[in-house]
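Visitor: Let me see the structure of the following:
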Amino acid sequence: MRPNRFHNVIRIGPVQVGTHNDGRGRIRHTAVCTAPGCDFSADYLTRAGAELAARTHRCNPR
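Guide: Numbering: from 1, shown residues only. Down below sits the predicted model:
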């Protein structure tokens with residue numbers, strides 16, 4: 001299986017939002033926190049959902 005190829009990547013604070021095709025060819029939008037110690041990441045069906053999660057994410061690294 002090919003690794004995910006992210007495109008249309010933006011950064012909102014410590015969170016990056018990117019678009020990729022999953023293993024079945026569907027478009028997915030992912031929000032991932034890049035802060036050390038934070039394990040937040042999630043896939044969304046819409047770009048708006050991923051951007052909303054990025055804007056409202058409050059990082060609490062240990």
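
Visitor: Where does pLDDT dip in the protein?
Guide: Applying pLDDT under 70 to the chain picks out residues 1-4, 61-62.

Visitor: Which residue ranges of it form helices?
Guide: Per DSSP state H, the chain carries helices over the ranges 47-56.

Visitor: Please tell me how far the closest residue to Asp39 other than its chain neighbours sits from Gly25.
Guide: Among residues not flanking Asp39 along the chain, Cys33 sits closest, at 7.7 Å (Cβ to Cβ, 6 or more residues apart in numbering). For glycine as for every other residue, the C-beta is placed from the backbone atoms N, C-alpha and C. Separation of Cys33 from Gly25 (Cβ to Cβ, to the nearest Å) stands at 27 Å.

Visitor: Among the two, which residue is more densely surrounded?
Guide: Neighbours were counted for Cys33 and for Gly25 using other Cβ atoms under 10 Å; Cys33 has more, 21 against 6.

Visitor: which stretches of the chain form strands?
Guide: Applying DSSP state E to the chain gives strands spanning 7-12, 15-21, 27-33, 41-44.

Visitor: Those: which one's closest to Cys59?
Guide: Within these, the stretch nearest Cys59 is strand 27-33; the backing value is 5.8 Å (Cβ to Cβ).

Visitor: Show me what that closest one is packed up against.
Guide: Counting contacts by 3 or more Cβ pairs under 8 Å, 6 or more residues apart in numbering; DSSP states H and E, strand 27-33 packs against strand 15-21, strand 41-44, helix 47-56.

Visitor: mind running it again at 10 Å?
Guide: strand 7-12, strand 15-21, strand 41-44, helix 47-56 (3 or more Cβ pairs under 10 Å, 6 or more residues apart in numbering; DSSP states H and E).

Visitor: most tightly surrounded among those?
Guide: Mean neighbours per residue, mean count of other Cβ atoms under 10 Å, is largest over the helices and strands packed on strand 27-33 for strand 15-21, with a mean of 19.

Visitor: who does it pair up with?
Guide: strand 7-12 (antiparallel), strand 27-33 (antiparallel) (DSSP bridges).
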